[in-house]
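When you get a sec, could you give me coordinates for this:
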Amino acid sequence: MKIMNFFFILITGVWVSFLIQGCASTAEQEDIYGGVVEEATEGVDTSYVTTLSEENKSLREQIAKLQDQNAKLQSEKNELEKNLRSLQESNTQLTAKISELGQQLEAEKQKKPRSFSKTCTI
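Just a heads-up that it's a prediction; the model follows:
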């Protein structure tokens, strides 16, 4: 029974709001809503809202600039990482070549016996 009463009141409220909406012209509705907005905003310092809006715009611009800078820095970072990998590969190749040359030098030293010449001075 309580549910029926609730639905009855709900449906009646919706029906009344449709009737009111249908009876008032658009101009009358704007007058009503405009008056409500004026009453609600009465005493509100709009300069503060304007200041906040300008600050918000400025912050959004700064964020956009920072995002651009971030993208550029990310691109530079990727390029530096690529160059680093290339240098590491070159270093590995040079280290291997130096090791190879060192082994060749040792092999040549072992092939040729050292000759010691004794010189006597009297």
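
For Asn5, pull up the helix or strand it's in.
helix 2-23 (DSSP states H and E).

What number of residues are in the vicinity of Ser86?
Neighbourhood size, Ser86 [other Cβ atoms under 10 Å]: 10. Where you see a C-beta, it was placed from the backbone N, CA and C, and this is true even at glycine.

how much space between it and Glu55?
46 Å (Cβ to Cβ, to the nearest Å).

Same question for Glu61.
Counting by Cβ to Cβ, the separation of Glu61 from Glu55 is 11 Å.

Check Asn83 too.
To Glu55, Asn83 is 41 Å away according to Cβ to Cβ.

Same check on Lys72?
26 Å.

For the protein, give the helix that spans the most residues.
Longest helix in the chain, counting residues (DSSP state H): helix 46-111.

Residue ranges in the chain under the pLDDT threshold?
1, 7, 15-16, 18-45, 113-122 (pLDDT under 70).

and if we set it to 80?
1-10, 13-49, 112-122 (pLDDT under 80).

Restrict stretch 80-87 to CA atoms and write it as CSV.
Output in CSV follows, covering the C-alpha atoms of stretch 80-87 (Å, rounded to 0.1, in the frame of the first residue of the first chain):
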residue,chain,number,x,y,z
LEU,A,80,70.4,9.1,-26.9
GLU,A,81,69.6,5.5,-26.0
LYS,A,82,70.0,4.5,-29.6
ASN,A,83,73.4,6.3,-29.8
LEU,A,84,74.4,4.7,-26.5
ARG,A,85,73.6,1.2,-27.9
SER,A,86,75.6,1.9,-31.0
LEU,A,87,78.6,3.1,-29.0
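
and that stretch, which residues are buried?
For stretch 80-87, a neighbour-count test (16 or more other Cβ atoms under 10 Å) marks nothing as buried.
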